[in-house]
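Novice: Would you be able to build a 3D model of this:
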Amino acid sequence: MNERNIAVDAARLAGAFLKEHFYKEKKVDASLQHDIKLQLDVQTQDMIEAFLAKAYPDYAFYGEEGITGAKNSPNQWIVDPIDGTVNYYHQIPHFCVSIALRKAGEITLGVIYDPMMDELWVVEKGQQATLNGMPISCSPRTKLSEAIVFVGHGSTSQAMDVGIDRFTRISRQVRKMRITGSAALAMAYVSCGRYDAYLEGRISLWDIAAGKLLVEAGGGSVEVTPHATDADKLQIRATNGKIPIS
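Specialist: Predicted coordinates for the structure are as follows:
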């Protein structure tokens, strides 16, 4: 099987596991005011890594635990086992599994799977993005007044201040605002025209790697820049490529 099929199978396997445990009691490893870490995060990550490593033992893995596997490999799986962990913990059915493949520094494959909706986004570099096998593209909207925009605000005080200020400012210009708790799904929604933009001032690569390729393949624009004060975080502006927003 090729990398695309292996990544899809891994995402579906992890998604089925998460769906099975959705209504069950969940063990909390760390509870913060604006975030939570579950034992299932680690279990799902291990499941995905084991599945991918069986097919590609010489590839590395990059995620919350840093780089594991064949650490010096130019090929890296970038994995977020549960994007939207707080939603998942509170039984809000809006979360996903995100898997991307980076080769020699370039993202070449992206898979995002929402197990509760059974929606699967897949894209390979230079090819058409799909949702459940059907071609997708970003929205054709050009007017900010008609746009639906997701603005994330992170979990630190500084990130929240920036995000809330941005939310307040943009909300007066657009049709609707959304903060739904999953950066990967926000990117997926931009890629298929549900959202017109997603902006966040403090995010991790594993949250957006697959989605970046999806949005770009759908005709959108993605600007990713290093965070001003946190070397491990990024700032992102993803749009349909047609609406003016910042």
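
Novice: quick one: the residue positioned nearest the centre of the chain from residue 242, how far?
Specialist: When the chain is reduced to its mean C-alpha position, the closest residue under C-alpha atoms, centre = their mean turns out to be residue 184, at 2.0 Å. In this structure, residue 184 lies at 22 Å from residue 242, with C-beta to C-beta, to the nearest Å as the measure. Just so you know, the C-beta spots here come from the backbone N, C-alpha and C atoms, and that holds for glycine as well.

Novice: about what we covered before: and the residue nearest to the centre of the chain, that one's in a helix?
Specialist: Yes - under the criterion used here (DSSP: H, G, I helix; E, B strand; the rest coil), residue 184 sits inside a helix.

Novice: Measure how buried residue 110 is and give me the count.
Specialist: Residue 110 has 32 neighbouring residues, counting by other C-beta atoms under 10 Å.

Novice: Residue 54: neighbour count?
Specialist: With neighbours defined by other C-beta under 10 Å, the count for residue 54 comes to 10.

Novice: Repeat that for residue 144.
Specialist: One way to gauge burial is a neighbour count; for residue 144, by other C-beta under 10 Å, it gives 17.

Novice: likewise the one 5 residues further on?
Specialist: Using other C-beta under 10 Å as the criterion, residue 149 is surrounded by 25 other residues.

Novice: Now do the same contact list for it.
Specialist: Contact partners of residue 149, counting by C-beta atoms under 8 Å, 6 or more residues apart in numbering, are 170, 174, 176-178, 195-199, 245.

Novice: Please report how far it lies from residue 214.
Specialist: Using C-beta to C-beta, we find residue 149 at a distance of 17 Å from residue 214.

Novice: Pretty sure residue 167 sits against residue 150.
Specialist: No - look at residue 167 against residue 150 with C-beta atoms under 8 Å: they stay out of range, at 9.8 Å.

Novice: Need the residues touching each of those two.
Specialist: A shared contact of residue 167 and residue 150, defined by C-beta under 8 Å, 6+ apart, is any residue touching both; here these are 177, 179.

Novice: Now do the helices in the chain.
Specialist: Secondary structure of the chain, counting by DSSP state H: helices at 3-20, 39-55, 85-89, 157-171, 183-191, 205-217.

Novice: Next, the angle helix 205-217 makes with the first one.
Specialist: Helix 3-20 runs at 120 degrees relative to helix 205-217, counting by axes from the mean of the first three to the mean of the last three C-alpha atoms, to 10 degrees.

Novice: Next, the buried residues of helix 3-20.
Specialist: Taking 16 or more other C-beta atoms under 10 Å as the basis for neighbour counts, the residues of helix 3-20 that come out buried are 3-4, 6-8, 10-15, 17-18.

Novice: Which residue of residue 167 and residue 150 possesses the greater neighbour count?
Specialist: More neighbours sit around residue 150 than around the other of residue 167 and residue 150, counting by other C-beta under 10 Å; the figures are 26 against 18.

Novice: Test for you: state the pLDDT assigned to the more buried one.
Specialist: If you check residue 150, the pLDDT there is 90.

Novice: Could you report the separation of the spatially most distant residue from the centre of the chain from residue 223?
Specialist: Counting by C-alpha atoms, centre = their mean, the extreme residue of the chain relative to its mean C-alpha position is residue 172, 26.5 Å from that point. Applying C-beta to C-beta, one obtains 23 Å for the distance of residue 172 from residue 223.

Novice: quick one on the thing from earlier: could you tell me the least trusted of the helices of the chain?
Specialist: The stretch with the lowest mean pLDDT among the helices of the chain is helix 157-171, which comes in at a mean of 71.
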